[in-house]
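K.L.:
fold the following and give me the result.
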Amino acid sequence: MASSSQVSFSMPQRVLHWAMALLIFFNLLFPDGMEHAYRLMRRGEALTSDQIFSANIHAYVGFAILGLALLRLCLRFVQGVPPHPQNEPRLLQIAASIAHFTFYALFFILPLSGIAAYYFGVQAAGQLHSGPFKVLMWVLVVAHIAAALVHQFYWKTDVVKRMTHG
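P.N.:
Predicted coordinates:
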């Protein structure tokens, strides 16, 4: 892995971060088409072309997230990441590391569990995908935003700046 001496994320890392954020928010906020189609499929009912189209949008966004996550992980290993701010308490640095690891795990687990449910009919994967995995993603997103705000307005660090304009 590259050294942690950099002060900001690279432009490709920032673009991937925000692209993935938009796609993840889209799928978290608009899962209705997929949820409706999945319920119908579990009951053995036929789907209309509009229902399939709506479900496929969710699925294709999930595929995009999976591909971008792979690219983002590769960039993380090659380019590294900036170190934690010095005035951040050690316990919160550990919490941030755990949260980022969990984010990356979910970047892969959510799309793969969705694929298993939608394309291969694995009901347990569908229940995990739309239940605890989705809830954990929401918790992490809210905590991530709250942490960024604390850094910006309480500790007055450059954490937000290094993910927005370097």
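K.L.:
which one is the residue nearest the centre of the chain nearest to, not counting chain neighbours?
P.N.:
Closest residue to the average C-alpha location of the chain: residue 107 at 4.7 Å, with CA atoms, centre = their mean. Excluding its sequence neighbours, the residue lying closest to residue 107 (CB to CB, 6 or more residues apart in numbering) is residue 69, at 3.6 Å. Backbone N, C-alpha and C define where each C-beta goes, glycine included.
K.L.:
quick one: list the elements packing against the host helix or strand of the residue nearest to the centre of the chain.
P.N.:
Using DSSP states H and E, residue 107 sits in helix 90-120. Applying 3 or more CB pairs under 8 Å, 6 or more residues apart in numbering; DSSP states H and E, one finds that helix 90-120 makes contact with helix 32-42, helix 49-79, helix 123-128, helix 134-153.
K.L.:
count residues in the vicinity of the residue nearest to residue 107, would you?
P.N.:
22 (other CB atoms under 10 Å).
K.L.:
which residues does it contact?
P.N.:
Residue 69 makes contacts with 20, 104, 107-108, 111, as judged by CB atoms under 8 Å, 6 or more residues apart in numbering.
K.L.:
in CSV: these, plus distance to residue 166 and pLDDT.
P.N.:
Rendered in CSV, the data for the contacts of residue 69 read as follows (distance: CB to CB, whole Å; pLDDT from 0 to 100):
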residue, distance to residue 166, pLDDT
20, 18, 98
104, 22, 98
107, 23, 98
108, 27, 98
111, 29, 98
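K.L.:
ok, so what distance separates the residue nearest to residue 107 from residue 53?
P.N.:
Taking CB to CB, to the nearest Å as the measure, residue 69 falls 25 Å from residue 53.
K.L.:
same check on residue 68?
P.N.:
Using CB to CB, residue 68 is found at 23 Å from residue 53.
K.L.:
could you check which of those two has the larger neighbour count?
P.N.:
Legend: neighbour count by other CB under 10 Å for residue 68 and residue 53, higher for residue 68 (18 against 12).
K.L.:
ok, for that one, nearest residue in space, not its chain neighbours?
P.N.:
Nearest non-adjacent residue to residue 68, counting by CB to CB, 6+ apart: residue 20, 5.1 Å away.
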